[in-house]
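*Asks:* return atomic coordinates for the entry below.
(chains A, B, C, D, E and F)
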There are 6 protein chains.
Amino acid sequence: MRVDGRENDQLRSIHIETNYIKHPEGAVLIHVGDTKVICTASIEERVPPFMRGQGKGWVTAEYAMLPRATEQRNIRESSKGKVSGRTMEIQRLISRALRSVVDLKKLGERTIWIDCDVIQADGGTRTASITGAFVAMTLALGKCVESKILKEMPVIDFLAATSVGIDKSQGEILDLCYREDAGADVDMNIVMTGNGEFVELQGTGEEATFSYKELQNLLRLASKGISELIEVQKEVLGELANNIGSESV
Amino acid sequence: MRVDGRENDQLRSIHIETNYIKHPEGAVLIHVGDTKVICTASIEERVPPFMRGQGKGWVTAEYAMLPRATEQRNIRESSKGKVSGRTMEIQRLISRALRSVVDLKKLGERTIWIDCDVIQADGGTRTASITGAFVAMTLALGKCVESKILKEMPVIDFLAATSVGIDKSQGEILDLCYREDAGADVDMNIVMTGNGEFVELQGTGEEATFSYKELQNLLRLASKGISELIEVQKEVLGELANNIGSESV
Amino acid sequence: MRVDGRENDQLRSIHIETNYIKHPEGAVLIHVGDTKVICTASIEERVPPFMRGQGKGWVTAEYAMLPRATEQRNIRESSKGKVSGRTMEIQRLISRALRSVVDLKKLGERTIWIDCDVIQADGGTRTASITGAFVAMTLALGKCVESKILKEMPVIDFLAATSVGIDKSQGEILDLCYREDAGADVDMNIVMTGNGEFVELQGTGEEATFSYKELQNLLRLASKGISELIEVQKEVLGELANNIGSESV
Amino acid sequence: MRVDGRENDQLRSIHIETNYIKHPEGAVLIHVGDTKVICTASIEERVPPFMRGQGKGWVTAEYAMLPRATEQRNIRESSKGKVSGRTMEIQRLISRALRSVVDLKKLGERTIWIDCDVIQADGGTRTASITGAFVAMTLALGKCVESKILKEMPVIDFLAATSVGIDKSQGEILDLCYREDAGADVDMNIVMTGNGEFVELQGTGEEATFSYKELQNLLRLASKGISELIEVQKEVLGELANNIGSESV
Amino acid sequence: MRVDGRENDQLRSIHIETNYIKHPEGAVLIHVGDTKVICTASIEERVPPFMRGQGKGWVTAEYAMLPRATEQRNIRESSKGKVSGRTMEIQRLISRALRSVVDLKKLGERTIWIDCDVIQADGGTRTASITGAFVAMTLALGKCVESKILKEMPVIDFLAATSVGIDKSQGEILDLCYREDAGADVDMNIVMTGNGEFVELQGTGEEATFSYKELQNLLRLASKGISELIEVQKEVLGELANNIGSESV
Amino acid sequence: MRVDGRENDQLRSIHIETNYIKHPEGAVLIHVGDTKVICTASIEERVPPFMRGQGKGWVTAEYAMLPRATEQRNIRESSKGKVSGRTMEIQRLISRALRSVVDLKKLGERTIWIDCDVIQADGGTRTASITGAFVAMTLALGKCVESKILKEMPVIDFLAATSVGIDKSQGEILDLCYREDAGADVDMNIVMTGNGEFVELQGTGEEATFSYKELQNLLRLASKGISELIEVQKEVLGELANNIGSESV
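*Replies:* Prediction:
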């Protein structure tokens, strides 16, 4: 049995609260077990310099943790004067993942700023960020369609993420909480779309290695978990869910 | 009538939610109208280098805003690589204010780290931070007393803060929301204790000046508002409120 | 008796030497007791980006100390690679204070850069900076009027600053020297105009608090001191003093 | 046919020149087609603070490019004053990969510093860095064994890396050169050991996605390429190759 | 006899390998004894802001060392987040030296970026950088002439550099290797042109001083060494050497 | 005739005011024509880490300019967050120069911090800094001898610096003021001791070159000027001058 009593292929309980804060165009608070992330999407009416004049939009993400999101207090990156390698890696991952399901031409010369701020961490903050940010982004773009800023919804498909891993005694497990993550031999973050394709796959043997057979098991678990996460996203988005990728069918 | 229909001497609605996140020793979410701040208190079993060996503790605070706490998205200070003058000023204010009601000798060689993270801003974020942080700190110190880490509560008195200001058409007003703050001629932040003494007074004529008589009116409003804020703190702290400053009576 | 033999309501000796260095449009060396600050005013024929196109000017100030302005050598902020919170707070204070007595529309799209460099520190460096910078700025603007760059003097009123404080054994005192400042329970910096209005009020109980009555005494002392400082400014400015705020009468 | 005439499952020509520079304990210049990286390994007789007192060693890597390693000149990261997210991501990848084949206990409280400096870039610089750094590290540790600093070789297994990708017109391809990389829809970096296990797997759909079947093809290509790279490492290491992982068999 | 068996007036062996890396317009690897520097020249079709609109070009240089170019590993300047004073001094020296032999008007509004990256250091890295960079720059400008980007070669004269020094036991010596440099009492870097004029002269008594007579001996040695270096440059440049300064004769 | 009417071999008027500010152990204001520099010397009872345990002292210098020391206002280096290459070069020069006349063993494990702050600049600020700093340092060390912290004066010889240069129309000139410096073809800074030896020689052809004969003329001018500067130092130091290098005679 896992530390929190789950089955190996069982997600933690998921809850996505929409419009959690009032200013952003899209905002959710996502709970994945005890991990809580505020995800917001802001629409800016221009693109970064390297994208100008191409008639296309851009999606970029930032990620941070409150100092006491964790068991031990972390020093703020603003106080340190620089963003850590871990943070940059996560920001780049979230950005790439979301871009893969946005039709940047339909977006036009606009930037979607995604902000993922972890207020409580218990493992899987980067994958919870992606799952939550997808909803925030869709809400924001839904408003743009409603207010005629955009002609049609530029979101091509659903997108969610989870982690899988290998623990020597437990085998392959889905959606690791912090205690599991800290002890795992292999740790993999997977991002998939609504039609079951891969967007990102980042697997690491932490001072360990893994076989092809183990990899196959991990991918199976991830695929199951992500399907369930997308079901939650659909419920939360309601009507809006019908506009996603409608045209691409 | 004020922009949100309040009387000149009326606070916005106040709500303090305790144990908002699970890891910190003390944690609250304070609402002052639409301003929402997560305030946490973390106890570290050592003091900064300049305080070592004096048998006394220290209180230090950090303050930040989520990028979309505001109407327009702000660039993160971690991305800019430096903390702004405004942030530093606020951090120093919160730190000094809380230190004034802690008996640092009773605290022993420990540091109380206060983190105030604004998740939604509508004016008065620094004063809401102080009012909320006082509760978070007291909760954390209450736990230290309960677990015998501390022999007695080192909090000497209650502490809360509010803003007052002068608007040409409206006169002197209490607890300015963002729209009022943006238009005010004079803006003053005031921190007071439970026994009605001043801890901090920061008044600024924004390209304007103010008379002694106006100052007296502002102080009267602040005093009224802070009494009410302390009543809310007492309710929230319950039993714990009785241990504050008990000895100093 | 105070450490340097003064009465509680007595300023230190004040001396303002004009044209202390040759390049700036306005430059003074102000002595407030043993505190010596070089204050310069430079006129730039443009405003910062956020002010452009409004037909108004801007006033901004920078403050620094020579490493051995103090008893112990301080590390240069350029070597540390960042400006401290204390410096930023002071720079913001000086900037706001001077802006309150300049008619920014009459200034036109110009920036007044104020530089206050403390060459010897003995308490009250920020208030000496304001008092001296006012003279430097007025000299610079006087030259602009003389050379027809400006049609009329944009300075609305006189402006000076001092500190007041409370020492347990001494009571309320005016214009604290360094030894007094280091021991004071309450420390307040006050900026006032020639017509006796407040511009800034920053009072802090250093791990202490103060009552309304004490505050009244402090304000009375500050008011007396600032009147005297403005008398010195008038003497130093000579003819130019007559052009200040003439129109607003 | 590929842009450089290779088969889809064909590596570029590989050359590893040992002892390329004289000071480091281990140093190679690796050529993977036109990509050239100087990889050095330095042994330091202590570990970073967070590892002290555990009787274990550490492996850490840094990566950089000369400004004109690329078609267009890049600004130096030292001039920019910060290391980019891309560089950090690569440094973390190289570090983790090498750690997975070192028995940190046998290494004792020592740090292996790996430096990978790209002097000419034509795609695959991070995987060439790993393949070359493995040789440099083994050479350095071989010297430690020879000079009795270490009792036995702490390298557990061989380690090499390559990239695979999907190009719409070309299908799945092995070891992408720069032109292929720039146009690829999917890009994956894979690190494997001598016994065919995975260490790292980082696959990204660049504004695209990929199916499970495509993933299987990519993994097959990578496995073939890495076997060939390890053959080259064995030749270059000569005698030393026999000491790798001998004990773990 | 010197540590490496040379005569006092003898250079180390010099070798300049052209087109060492493929992307830059000009690139050499220069060996001066065991000191090895990759020097590249990149042509940019614009000048820095302060030079715009003057119809003239600019030459600017950057210098760095690989971490293990030296006996002990150096921390990268990109990791430290700032460029050291030593590096800046060397960069400024190389830039000024090369500018002295370029007719900036003939260059037109272009920037020549020189990058000198030391891959192995054994003393004299800054002077080897200048000698090598001159060749890289001339190669790059030769290509510009060939491809009609430039009408004529803007290089006015040859340029090379070496170090001279005084060692108490050895007297005045030419082209110090690292061991000699570390022990020298006086150290001087000299840059001269093909017609025997001085461009730069930087002599330092390292906690020592030197007489006018010693200075004369040092200058004589430098002059001899630089003539020999320029002979090597001429051989390496072949035909191109004839275009240097042709017009100015 | 020169722009300010001097002969080619004539220094500007020199004035050195001692004890200009009260806190430092040694402090002067040096005037060289219109160039004015506050030079202070601070004694710290320890050495930097790399010098510890060697029984020797250290001398280190910092240099800065007030923003309006110059015709145009300069941005503060503290605001820019980094020290410029020019400043670093000057700081290193002043440090080396002063170290050459201090017997570091007699100094013991102490650091002399030299601070040179230019309050008004008119050319030659680095050489004025050296000439003034020598006096400040000697005053500080004189106090150490007087108060028995040091047994004997560790200053071995006098030290002063000046600039020389070549102007096409004027020929070789001594002690360039700003206007001369800006137009000069060759610029050389020279530091010499009381017994006429060289300590530093930094000559630069600014997009120009110079012959051996011109160099000889420049050195002759410098030697004359420095003798005169040392005469002024002797007068200012009075009695203390007799203790300099007494033992080494």
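
*Asks:* which parts of chain A are helices?
*Replies:* Assigned by DSSP state H, the helices in chain A fall at A:77-80, A:85-99, A:104-107, A:125-146, A:178-183, A:212-237.

*Asks:* so for chain C, which of these sits nearest?
*Replies:* Across these, chain C has its closest neighbour in helix A:77-80 (10.9 Å, Cβ to the nearest Cβ). Heads up, the C-betas are built off the backbone N, CA and C, glycines and all.

*Asks:* and the closest one, what does it pack against?
*Replies:* Contact analysis of helix A:77-80 by 3 or more Cβ pairs under 8 Å, 6 or more residues apart in numbering or on different chains; DSSP states H and E lists helix B:77-80 as its packing neighbours.

*Asks:* what does the helix it packs on rub up against?
*Replies:* A:62, A:64, A:76-78, A:80, A:82-83, A:87, B:64, B:83-84, B:87 (Cβ atoms under 8 Å, 6 or more residues apart in numbering or on different chains).

*Asks:* out of the residues you listed, flag the one nearest to chain D.
*Replies:* A:Lys82 (6.1 Å).

*Asks:* tell me the contacts of the closest one?
*Replies:* B:Ser78, B:Gly81, D:Lys82, E:Gly81.

*Asks:* ok, of the contacts of helix B:77-80, which come out buried?
*Replies:* By neighbour count, with 16 or more other Cβ atoms under 10 Å in any protein chain shown, the contacts of helix B:77-80 hold A:Glu62, A:Ala64, A:Arg76, A:Glu77, A:Ser78, A:Lys82, A:Val83, A:Thr87, B:Ala64, B:Val83, B:Thr87 as buried.

*Asks:* can you pick out the most distant pair from these?
*Replies:* Greatest spatial distance among the buried ones among the contacts of helix B:77-80 (Cβ to Cβ): A:Thr87 and B:Thr87, at 19.0 Å.

*Asks:* list the buried residues for stretch A:10-24?
*Replies:* Judged by neighbour count using 16+ other Cβ under 10 Å, the buried positions of stretch A:10-24 are A:Gln10, A:Leu11, A:Arg12, A:Ile14, A:Ile16, A:Tyr20, A:Ile21, A:His23, A:Pro24.

*Asks:* and chain E, which of the residues you listed reach it?
*Replies:* Contacts with chain E within those, counted by Cβ under 8 Å from any Cβ of the partner chain: none were found.

*Asks:* per-residue pLDDT, the residue lying closest to A:Ser84 once chain neighbours are set aside?
*Replies:* Nearest residue to A:Ser84, sequence neighbours excluded (Cβ to Cβ, 6 or more residues apart in numbering or on different chains): A:Glu77, at 6.4 Å. Here the pLDDT value assigned to A:Glu77 is 91.

*Asks:* ok, now how distant is A:Glu77 from D:Pro49?
*Replies:* To D:Pro49, A:Glu77 is 20 Å away according to Cβ to Cβ, to the nearest Å.

*Asks:* swap in A:Asp4?
*Replies:* On the measure of Cβ to Cβ, A:Asp4 and D:Pro49 end up 33 Å apart.

*Asks:* quick one: which of those two has more around it?
*Replies:* Between A:Asp4 and D:Pro49, counting by other Cβ atoms under 10 Å in any protein chain shown, A:Asp4 is the more crowded of the two (13 against 7).
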